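Asks: Return atomic coordinates for the entry below.
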Amino acid sequence: MVASKNNPKKNPTAKKKIKPGLLFIFIAIIPAIFYFLFFMNTEKTPEQLKGSWLRSDGPYTIEITEVQEEGKLVAKYFNPNPIKVGSSGWQLKDKQLQIFVELQDENYPGSLYKLTFDEKTKTLKGTYFQAVSKQTFEVTFTKKM
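Replies: The predicted structure is shown next:
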């Protein structure tokens, strides 16, 4: 009996074909599993932003009460009395957790905090733009315990 090209049982040198479903698993599903296991569970999750953050140079406090999906924050600001927050949010940019808090109150219209979470020191560092005086200051916030 002669081995044929079409019958791999009779032709030991015939190559086995990879099934399309198996190929899909290796190309799409396995990398996705690794992504969710290793990158989605990093310590840079927004939940660590929750709490009261005290500025190092005065009684200025940002209080984050909710961290929501799609970059939304619920934040309050005190100097030391409450100042109205117009908008606030978070984003993960270049593997760094960043937030902004825009103030919309008398003497603060458009004043803006842009802060980055420092993983080593567990602080929020960045700038504060005081819109009325048109000045920008370097600031650091530490989480109250």
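Asks: After the helix or strand bottoming out on mean pLDDT in the chain, which helix or strand is next? Please name it.
Replies: Among the helices and strands of the chain, helix 30-38 carries the lowest confidence by mean pLDDT, DSSP states H and E, at a mean of 49. Using DSSP states H and E, the helix or strand that follows helix 30-38 in sequence is strand 51-55.
Asks: got the buried residues for that following strand?
Replies: Within strand 51-55, the residues scored as buried using 16 or more other Cβ atoms under 10 Å are 52-55. Where C-beta positions appear, they are placed from N, C-alpha and C, glycine not excepted.
Asks: Tell me which other helices or strands that strand touches.
Replies: Applying 3 or more Cβ pairs under 8 Å, 6 or more residues apart in numbering; DSSP states H and E, one finds that strand 51-55 contacts strand 61-68, strand 135-143.
Asks: tell me the most buried of those strands?
Replies: Among the helices and strands packed on strand 51-55, ranked by average contacts under mean count of other Cβ atoms under 10 Å, first place goes to strand 61-68 (a mean of 17).
Asks: which helices and strands sit right next to that one?
Replies: Strand 61-68 packs on strand 51-55, strand 72-78, going by 3+ Cβ pairs under 8 Å, 6+ apart.
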